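**Q** Quick check, what structure comes out for this input:
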Amino acid sequence: MELNTAERFYDFLTNFKDYQDYLDSKITPTDLFYLKSRELARELVEHSHKGMILSREEFEERKAAAEAAKTEQSSVFYSRSRPKTLASAGKELKDNFLKALAEREEANRTGKMTDGNKIHTVSS
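**A** Below is the predicted model of the structure:
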C-alpha cells in the first residue's frame with residue numbers, strides 16, 4: 001500500500017515523542033556548534049528561522065490525528081471484536097447447499113470452524 005504525501009507526513013509526526021523531539025529533529029550539529037545551546041537552537045527553529053515549522057498546537061493536533069487514524073486503521077483490519085455482517089443475513093435460501101453454507105458462515109468467519117468437520121477455537 002503506497003502512502004500519499006499527507007499520509008507520509010502524518011506518519012512522520014508519530015515518530016516524535018513530543019514537540020521538543022520534533023524541534024530537535026530540525027537542529028543540525030552546525031547549529032549547536034555556533035549557538036552552544038540546544039534551547040536557543042529550539043527557539044530559533046520554533047520561530048521558523050529554519051524553514052516551515054509547525055507550531056506546538058499544529059504539531060499536537062496533527063500528531064493526534066495521525067495516531068487516531070493509525071489506531072482506527074489497525075482496528076478496522078485486525079479487530080475480531082467488531083461486528084461482522086454475514087453474507088447470508090436476511091436472505092431466504094432455498095438451495096440445501098446454500099443453507100449448509102449459511103449455517104457454517106459465522107463459525108468460519110470468526111475462526112471457530114476451519115473446515116466442515118472439525119470445530120477449532122482460535123485464541124488471540
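**Q** if I look at residue 22, how far off is residue 88?
**A** Counting by C-beta to C-beta, to the nearest Å, the separation of residue 22 from residue 88 is 50 Å. Just so you know, the C-beta spots here come from the backbone N, C-alpha and C atoms, and that holds for glycine as well.
**Q** higher neighbour count, the two?
**A** Taking other C-beta atoms under 10 Å, residue 22 and residue 88 do not tie; residue 22 has more neighbours (22 against 15).
**Q** could I have the helix or strand encompassing residue 20 exported to PDB, CA atoms only?
**A** Element membership of residue 20, judged by DSSP states H and E, is helix 19-24. The C-alpha trace of helix 19-24 is given here as PDB (Å, rounded to 0.1, in the frame of the first residue of the first chain):
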ATOM      1  CA  TYR A  19       7.100  18.700  20.300                       C
ATOM      2  CA  GLN A  20      10.700  19.100  21.700                       C
ATOM      3  CA  ASP A  21      11.800  16.000  19.800                       C
ATOM      4  CA  TYR A  22      10.200  17.400  16.700                       C
ATOM      5  CA  LEU A  23      12.200  20.700  17.100                       C
ATOM      6  CA  ASP A  24      15.400  18.700  17.800                       C
END
